[in-house]
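Peer 1: whatever this is, show me its structure:
(one chain, ligands or ions: 1)
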Amino acid sequence: MPKVLLIDGNPLLWRAVHSSAMQGVSQKVLTYFFEMVNQFVPDDIVVCWDKGKSRWRTEIYKEYKAQRLQKKKDAGIDWDGFDEQSMYIKGYLDSLGVRQFTIPGVEADDVLAWLAEYYVSVLGEWGVILSTGDRDLWQLVSEHLQVWDHQKNLFVTQEVAHEYFGVGTELIADLKSLAGDVSDNLPGVKGIGDKKAAVLLNEYGSLGALLDPANRKALESRKTTAKIFPEADFVGEMYRLVKIPTLAEGMYCFSEQEAAVFTEAATKELSVDTFRMQILSQRTGKHFPLRPELLSRRSADLSGMVDYMQAYAPPGRSWESLRELDWAIAECNRCPLRSGCSEKGPLMAEGADDRDIMILGRNPDEVDSENGVPFCADGAVGGELGEFLKQIGVSRDECWFTNVCRCVSPDNRPPTYPEMLACLPYLRAEIDHLRPKLIIALGYEAMVSVTPYRSNVSKHCGEILDKPAGLVGAVDAKVAISVHPLAALRSQRGEVELEYAATMLHSLLTETVVS
Ligand code: SF4
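Peer 2: Here you go, the predicted model:
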């Protein structure tokens with residue numbers, strides 16, 4: 001018997017809107033609600049609601065769910081009535097002592113995922129049921145977490161998810177990055193649908209493994225897969241959108257205000273206000289059954305979760321020296337990348353602290369990690385970077401080499417947005433101590449960290465900005481943008497773009513600037 005029932009409120013609401021007149025929507029949703037309560041008899045219930053699009057996903061990709069506004073206009077729905085019905089439902093559940101989360105700019109999917117992760121860690125196997133009709137949340141299905149699809153009357157197990165997507169739940173985000181997702185307005189790679197993506201992922205093992213430059217020739221030789229490598233950067237952006245962040249990463253998806261809303265909802269004492277419930281019943285003209293066992297109990301205690309999340313909050317202090325910073329990084333366990341990092345742990349920057357040029361990459365690959373050197377000259381990527389440096393007339397000894405994330409990622413997949421945000425305080429401190437005159441930002445992750453740009457790096461390749469600001473904050477240096485050397489190993493277009501960036505940088509360096 002489950003102890004906690006987590007409910008994704010919006011799919012219930014939409015189901016009711018499509019099957020009932022507007023004035024009956026609240027009645028329908030509450031009927032669905034009590035059906036589940038009667039079926040699972042949980043100890044605690046938490047309901048999460050959407051309010052607006054995901055702020056941080058829209059920051060990465062402004063087209064995210066952009067089609068929905070028009071769809072909303074075209075739907076012919078009485079939106080005032082809809083809002084009123086939602087208010088009744090939320091008010092009624094509140095009066096029952098059901099804890100509800102509605103955080104503007106943070107999707108219910110994300111909040112549900114964090115709650116599920118927390119409860120599974122506290123309650124163990126089969127302690128949690130997550131009710132949703134949204135297949136994005138199937139990413140969470142594991143041997144410890146059951147998803148319940150109320151509309152289909154179906155438990156989504158790993159087998160059910162595998163049958164639907166053709167891949168394991170751990171590869172659903174990889175699949176959507178390649179094939180896209182019409183409902184979220186994510187285009188995917190041209191010519192690659194769900195089936196093709198599943199075949200490729202089963203063949204290569206994961207998105208990261210598929211995008212290994214060693215596979216470029218084989219994939220480009222096939223018409224159906226020829227577009228994958230030229231679109232590799234874009235696929236990385238899509239991955240960041242569709243991958244549901246873990247609980248530790250949750251802190252980085254919140255603004256300060258959102259974190260406050262979350263904390264308040266997670267820790268507040270709930271009380272039963274039967275009078276309010278009666279008023280609501282009168283106003284809706286409906287009578288909903290009361291469950292005394294729900295009324296008598298304080299709902300789920302999430303204060304431990306807030307402490308847990310706050311342990312991952314960005315550090316509020318700066319480090320006295322680069323050496324002290326290295327110690328902090330060596331101990332770091334702030335994002336999930338650390339668990340997959342080899343025994344060697346996070347990779348430190350390389351260079352003497354009087355260097356004027358900072359080379360900023362994405363995160364180390366296995367070769368870098370094994371050798372303990374970012375952009376190790378023995379690796380394919382380091383070799384490509386060596387050529388790039390020659391072209392711009394700079395030697396390795398003149399540069400400081402560092403990365404946005406310090407740990408390797410599984411199969412060299414792109415780091416997620418929250419993983420980047422978790423690691424960026426280190427880069428901030430590094431920039432402050434080193435005070436470079438020029439930062440060469442290689443690839444999307446580096447570009448968004450030190451510039452205001454959020455679109456494809458190809459669009460800005462070769463640009464040189466003076467004292468821009470990015471996710472890391474204001475940067476008191478020139479920043480040159482280039483595709484990552486990995487892009488040159490992955491496609492001809494990447495080679496051309498890297499060469500173009502080298503030409504622009506060469507002229508900059510021969511003119512003045514780093515003197
Ligand atoms: S990637 Fe960065 S934030 Fe994540 S564990 Fe490694 S050092 Fe820490």
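Peer 1: okay, residue 238 and residue 168: tell me how far apart.
Peer 2: As for residue 238, its distance to residue 168 is 19 Å (criterion: Cβ to Cβ, to the nearest Å). All C-beta spots, glycine's among them, are computed from the backbone N, C-alpha and C.
Peer 1: out of the two, which sits in the more crowded spot?
Peer 2: residue 238 (28 against 15; other Cβ atoms under 10 Å).
Peer 1: quick one: find the helix or strand in the chain with the lowest mean pLDDT.
Peer 2: When the helices and strands of the chain are compared on mean pLDDT, DSSP states H and E, helix 292-295 comes out lowest with a mean of 47.
Peer 1: beyond that one, next helix or strand please.
Peer 2: As assigned by DSSP states H and E, the chain's next helix or strand after helix 292-295 is helix 303-310.
Peer 1: show me what the mean pLDDT comes to for that next one.
Peer 2: The average pLDDT within helix 303-310 is 72.
Peer 1: what about the helix or strand just after that helix, near the ligand?
Peer 2: Sequence order places helix 322-331 as the next helix or strand after helix 303-310, per DSSP H and E. Yes - judged by Cβ under 6 Å from any ligand atom, helix 322-331 and the ligand are in contact via residue 329.
Peer 1: ok, which stretches of the stretch 351-500 of the chain are helices?
Peer 2: For the stretch 351-500 of the chain, helices defined by DSSP state H, counting those that start in this stretch occupy the ranges 366-371, 380-392, 417-434, 444-450, 457-460, 485-490, 492-511.
Peer 1: most tightly surrounded among the ones you listed?
Peer 2: Of those, the one with the most neighbours on average (mean count of other Cβ atoms under 10 Å) is helix 444-450, at a mean of 28.
Peer 1: what about it, near the ligand?
Peer 2: No - residues of helix 444-450 contacting the ligand under Cβ under 6 Å from any ligand atom: none, with a closest distance of 11.4 Å.
Peer 1: same for that helix, what does it pack against?
Peer 2: helix 232-242, strand 357-361, helix 417-434, strand 438-442, helix 457-460, strand 469-470 (3 or more Cβ pairs under 8 Å, 6 or more residues apart in numbering; DSSP states H and E).
Peer 1: state the mean pLDDT of that helix.
Peer 2: Helix 444-450 comes out at a mean pLDDT of 94.
Peer 1: how about the CA coordinates for it, as PDB?
Peer 2: C-alpha atoms of helix 444-450 as PDB (Å, rounded to 0.1, in the frame of the first residue of the first chain):
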ATOM      1  CA  TYR A 444      27.100  26.300 -26.300                       C
ATOM      2  CA  GLU A 445      27.700  25.600 -22.600                       C
ATOM      3  CA  ALA A 446      30.700  28.000 -22.500                       C
ATOM      4  CA  MET A 447      28.800  30.600 -24.600                       C
ATOM      5  CA  VAL A 448      25.700  30.800 -22.300                       C
ATOM      6  CA  SER A 449      28.000  30.900 -19.300                       C
ATOM      7  CA  VAL A 450      29.800  34.100 -20.200                       C
END
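Peer 1: quick one: it to chain centroid distance?
Peer 2: 16 Å (Cα atoms, centre = their mean, to the nearest Å).
Peer 1: hmm, who's touching that helix?
Peer 2: Residues outside helix 444-450 that contact it (Cβ atoms under 8 Å, 6 or more residues apart in numbering) are 60, 233, 236-237, 360-363, 404-405, 414-415, 420, 424, 427, 439, 441, 453-454, 456-457, 460, 468, 470-472, 475, 479, 481, 484.
Peer 1: buried subset of the residues you listed?
Peer 2: Burial by neighbour count, judged by 16 or more other Cβ atoms under 10 Å, picks out 60, 233, 236-237, 360-363, 404-405, 414-415, 420, 424, 427, 439, 441, 453-454, 456-457, 460, 468, 470-472, 475, 479, 481, 484 from these.
Peer 1: if we check the ligand, which of those are in contact?
Peer 2: Checking the buried ones among the contacts of helix 444-450 against the ligand by Cβ under 6 Å from any ligand atom, the ones in range are residue 405.
Peer 1: so what secondary structure elements neighbour whichever strand or helix holds residue 33?
Peer 2: Counting by DSSP H and E, the element that carries residue 33 is helix 25-40. Applying 3+ Cβ pairs under 8 Å, 6+ apart, we find helix 25-40 packed against strand 4-8, helix 9-17, helix 79-95.
Peer 1: 10 Å instead?
Peer 2: If you count contacts as 3 or more Cβ pairs under 10 Å, 6 or more residues apart in numbering; DSSP states H and E, helix 25-40 packs onto strand 4-8, helix 9-17, strand 44-49, helix 79-95, strand 128-131, strand 146-149, helix 274-284.
Peer 1: could these be laid out in JSON lines, adding distance to the ligand and mean pLDDT?
Peer 2: Formatted as JSON lines, those follow (distance: least, Cβ to the nearest ligand atom, whole Å; pLDDT from 0 to 100):
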{"stretch": "strand 4-8", "distance to the ligand": "27", "mean pLDDT": "92"}
{"stretch": "helix 9-17", "distance to the ligand": "32", "mean pLDDT": "93"}
{"stretch": "strand 44-49", "distance to the ligand": "26", "mean pLDDT": "90"}
{"stretch": "helix 79-95", "distance to the ligand": "36", "mean pLDDT": "87"}
{"stretch": "strand 128-131", "distance to the ligand": "26", "mean pLDDT": "92"}
{"stretch": "strand 146-149", "distance to the ligand": "28", "mean pLDDT": "90"}
{"stretch": "helix 274-284", "distance to the ligand": "45", "mean pLDDT": "52"}
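Peer 1: return the residues of this protein in contact with the ligand.
Peer 2: 329, 332-335, 337-338, 346, 405-407, 419, 422-423.
Peer 1: what bits of the stretch 51-200 of the chain have low per-residue confidence?
Peer 2: 124-126 (pLDDT under 70).
Peer 1: just the strands in it please.
Peer 2: 99-102, 128-131, 146-149, 154-156 (DSSP state E, counting those that start in this stretch).
Peer 1: what residues of the shortest one count as buried?
Peer 2: What it means is strand 154-156. By neighbour count with 16+ other Cβ under 10 Å, strand 154-156 contains the buried residues residue 156.
Peer 1: tell me the strands beside it, with direction?
Peer 2: Strand partners for strand 154-156, identified by DSSP bridges, are recorded as strand 146-149 (antiparallel).
Peer 1: just the residues contacting the strand it pairs with, thanks.
Peer 2: Strand 146-149 has contacts (Cβ atoms under 10 Å, 6 or more residues apart in numbering) with 2, 5-8, 11, 36, 39-40, 112, 116, 125-135, 137-141, 154-157, 160-161, 169.
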